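*Asks:* take this sequence and fold it.
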Amino acid sequence: GDETANINLQEGTVEVTTDGTAINLDFKGADAEVPAGKVWTMTMQGMPMNANLDKNSTLTVNGDRFQVAKNAALTNSGKIVVNTMMIISSEGEVTGGGSITVNEDGKLEIKKGTDSEGFLGVDVNNYGVVAFDGTDADSIQGTIDIKEDGVVYSDANIGSSISRNRAYAESSKYAPYDVATGTTTEKEYEYAYVYHKVNSGNSSSSSSSSSKNSYDIDIEKTENGSVSTNKDSAKKDSTVTITVKPDEGYVLDSIKVTDKDGDKVKVTEKSEGKYTFEMPKSKVTVEAVFVEEEKEPVAPEMPFVDVAENDYYYDAVLWAITEGVTGGTSATTFSPEMICNRAQMVTFLWSAAGSPKVEGTMPFTDVAADAYYYDAVLWAVSEGVTGGTSATTFSPDQVCTRAQMATFLWNSFGSPVVNYLNPFTDVTVGDYYYNAVMWAVSEGITGGTSATTYSPDALCQRCQIITFLYHAYGDAE
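*Replies:* Got it, this is the predicted structure:
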């Protein structure tokens, strides 16, 4: 009808089923809007789709993108205001003698393949970016008026279509939007024009200097993620949005913006992956660092049926199998109450220390070169953990006592002497294991078999040895 209307163009593609004729959308005295966060595309499958703005109508583009697609024609006798992005695709066209105003943060891109009918008689007031992305010069039959802070990119010389207030830009790099992939890739254009003040009454070239008043935003190359900004340059005090996208398995570690002097510019996190900063009066550099994401450790499961969760040695056994100190007596059993011999004891201790390899000659005749405990015994001798049961024997099959266990462990930690009040009646000064037991108690490695007894001659079970080692090595991790 002829009534004034307000039209809100929602996200998506307009789909129309007809009998094969063209579709016309008439805006008469209407204020139409592509709202923030939305995308609207003029397109049909193989048939022309027309939209007509009369002289009293305004289409405002606030959304992510407004696209005049293939076989679509927009007759603009009114006004189009671009605050975000408008794209005229290959074989799309905008005609009609109206105007397009590209505001400071707006972008108008005319894609390669747009013919001489694609951009006919439409005047552009450009405060933002206009990019003729591969378009021939003769396709431009309107006038482009570059306003202060505006810039025009082209692969052809279009100077005759631009009002006389123009000068060549210092940089001809711009990243146009690829509709097919939804990405932007920087390229260098043959020509780039910026605002140039012309003295009043002088139609010839002016001697006045150009004034862009916009500063470049450089993005440092990074690995394991991508960084982009919503503009390639900006004027002082304008807000710039940074978008970061880590690669799979990586997270953002840090993001930094610096001015031309290397001073930091304040960066504010707005939402996940989105940051903003206020543009200083200079070019800036954006740097982001991505690091590998730390994965939550998976708690190991107890493989042994003879170790219950409420056993005092449960955590110790779990630590031992995780660290490779022991693998159990079978795939499903740990045999916690089995008595340990000296060979097993020294192997446990060697494994807890990281299974170090040492050079040297074995002094013991009862330790064969192919014995599973050979490397453990050689390490124990070289580190002073044990001297054997004699100069030439280790006695690997001899059962291990609690006194020997404490002494082995104490020696492996460098035999520290501690001043500790002895709580045990069965451990006296002069016993070879006295200092070892005092150290073990002071370090919380053992509390004895009771408040007053240590039971030094009691035989060591596997669960007791593993608990000793866990308190000495595992609790400190």
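*Asks:* phi and psi next, for the closest residue in space to Ala169 that isn't next to it in sequence.
*Replies:* The shortest distance from Ala169 to any non-neighbouring residue, by C-beta to C-beta, 6 or more residues apart in numbering, is to Ala192 (3.8 Å). Using the backbone N, CA and C atoms, a C-beta is placed for each residue, glycine as well. When read as degrees, to the nearest 10, the backbone of Ala192 gives phi -150, psi 130.
*Asks:* now do Gly128 against Ile339, distance only.
*Replies:* Gly128 sits 84 Å away from Ile339, going by C-beta to C-beta, to the nearest Å.
*Asks:* neighbours around the residue nearest to Ala169, how many?
*Replies:* Look at Ala192: counted by other C-beta atoms under 10 Å, it has 19 neighbours.
*Asks:* tell me if I'm right that it and Ser171 touch.
*Replies:* Yes: taking contacts as C-beta atoms under 8 Å, Ala192 lies within contact range of Ser171: 6.8 Å.
*Asks:* who touches Phe128 in this structure?
*Replies:* For residue 128 the amino acid is Gly, not Phe. For Gly128, the contact set (C-beta atoms under 8 Å, 6 or more residues apart in numbering) comprises 82, 102-108, 149-151.
*Asks:* any idea which of the residues you listed is closest to Leu469?
*Replies:* Distances from Leu469 to the contacts of Gly128, taken as C-beta to C-beta, are shortest for Asp105 (65.0 Å).
*Asks:* could you report the pLDDT at that closest one?
*Replies:* Asp105 carries a pLDDT value of 91.
*Asks:* next: Ala131.
*Replies:* For Ala131, pLDDT reads 87.
*Asks:* partner strands of the strand or helix carrying it, parallel or antiparallel?
*Replies:* In this structure, Ala131 sits in strand 129-133 according to DSSP states H and E. Its sheet considered, strand 129-133 pairs with strand 107-111 (parallel), strand 151-154 (parallel) by DSSP bridges.
*Asks:* make TSV out of those and add mean neighbour count and distance to Met345.
*Replies:* Listed next are those as TSV, based on neighbours: other C-beta atoms under 10 Å; distance: least, C-beta to C-beta, whole Å:
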stretch	mean neighbour count	distance to Met345
strand 107-111	24	75
strand 151-154	25	78
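*Asks:* out of these, which is closest to Ala403?
*Replies:* Closest of the strands paired with strand 129-133 to Ala403 is strand 107-111, at 82.1 Å (criterion: C-beta to C-beta).
*Asks:* which of the contacts of Gly128 sits closest to Val429?
*Replies:* Asp105 (84.0 Å).
*Asks:* who's in contact with the closest one?
*Replies:* 83-84, 128, 230-231.
*Asks:* what about it, is that helix, strand or coil?
*Replies:* coil (DSSP: H, G, I helix; E, B strand; the rest coil).
*Asks:* any idea how far it lies from Gly128?
*Replies:* Using C-beta to C-beta, we find Asp105 at a distance of 6 Å from Gly128.
*Asks:* could you do Pro176 as well?
*Replies:* Relative to Gly128, and taking C-beta to C-beta, Pro176 is found at 14 Å.
*Asks:* what does Cys460 give?
*Replies:* 80 Å.
*Asks:* all strands for the stretch 251-400 of the chain, in order.
*Replies:* Counting by DSSP state E, counting those that start in this stretch, one finds strands in the stretch 251-400 of the chain at the ranges 264-265, 268-271, 274-278, 284-292.
*Asks:* can you pull the contacts of Tyr420?
*Replies:* Contacts of Tyr420 (C-beta under 8 Å, 6+ apart): 438-439, 441-442.
*Asks:* actually Glu223, sorry about that
*Replies:* Glu223 sits next to Phe290 when contact means C-beta under 8 Å, 6+ apart.
*Asks:* now it: which helix or strand?
*Replies:* Counting by DSSP H and E, Glu223 is part of no helix or strand.
*Asks:* how much space separates it from Val291?
*Replies:* 10 Å.
*Asks:* who touches stretch 466-477?
*Replies:* With C-beta under 8 Å, 6+ apart as the criterion, stretch 466-477 contacts 312-313, 315-317, 319-320, 323, 325-326, 348-349, 352-353, 405-406, 409, 413, 440, 443-446.
*Asks:* give me the buried subset of those residues.
*Replies:* 313, 316-317, 319-320, 323, 325-326, 348-349, 352-353, 405-406, 409, 413, 440, 443, 445-446 (16 or more other C-beta atoms under 10 Å).
*Asks:* show me which of the contacts of Tyr420 is closest to Val257.
*Replies:* Ser442 (53.6 Å).
*Asks:* doesn't Val418 make contact with that closest one?
*Replies:* Yes: taking C-beta under 8 Å as the definition, Ser442 is a contact partner of Val418 at 4.9 Å.
*Asks:* using the centroid of this protein, identify the residue furthest from it.
*Replies:* Gly430 (61.9 Å; C-alpha atoms, centre = their mean).
*Asks:* residue contacts, the residue nearest to Thr386 when sequence neighbours are not counted?
*Replies:* Of all residues not flanking Thr386 in the chain, Ala380 sits nearest, at 4.9 Å (C-beta to C-beta, 6+ apart). Counting by C-beta under 8 Å, 6+ apart, Ala380 touches 346, 349-350, 386, 408, 412.
*Asks:* and of those, the nearest to Ala69?
*Replies:* When the contacts of Ala380 are compared against Ala69 (criterion: C-beta to C-beta), the nearest one is Trp350, at 72.8 Å.
*Asks:* next one: the closest one from Trp379, what distance?
*Replies:* To Trp379, Trp350 is 5 Å away according to C-beta to C-beta.
*Asks:* Ile339 too?
*Replies:* From Ile339 to Trp379 the distance is 23 Å (C-beta to C-beta).
*Asks:* kindly check the end-to-end length of stretch 381-389 for me.
*Replies:* 12 Å (C-alpha to C-alpha, to the nearest Å).
*Asks:* quick one: it to chain centroid distance?
*Replies:* 51 Å (C-alpha atoms, centre = their mean, to the nearest Å).
*Asks:* could you check it and say which residues are buried?
*Replies:* Buried residues in stretch 381-389 (16+ other C-beta under 10 Å): 381, 383, 385-386, 388.
*Asks:* who touches that stretch?
*Replies:* Contacts of stretch 381-389 (C-beta under 8 Å, 6+ apart): 346, 349, 358, 360, 362-364, 377, 379-380, 394-395, 398, 408, 411-412, 415.
*Asks:* cool, and stretch 257-266?
*Replies:* Residues contacting stretch 257-266 (C-beta under 8 Å, 6+ apart): 242, 256, 267, 277-278, 280, 282-287.
*Asks:* drop anything exposed from those.
*Replies:* 242, 267, 277, 280, 283-286.
*Asks:* taking those, tell me the two that lie furthest apart.
*Replies:* Pairwise over the buried ones among the contacts of stretch 257-266, using C-beta to C-beta, the maximum falls at Val267 and Lys283, 16.1 Å.
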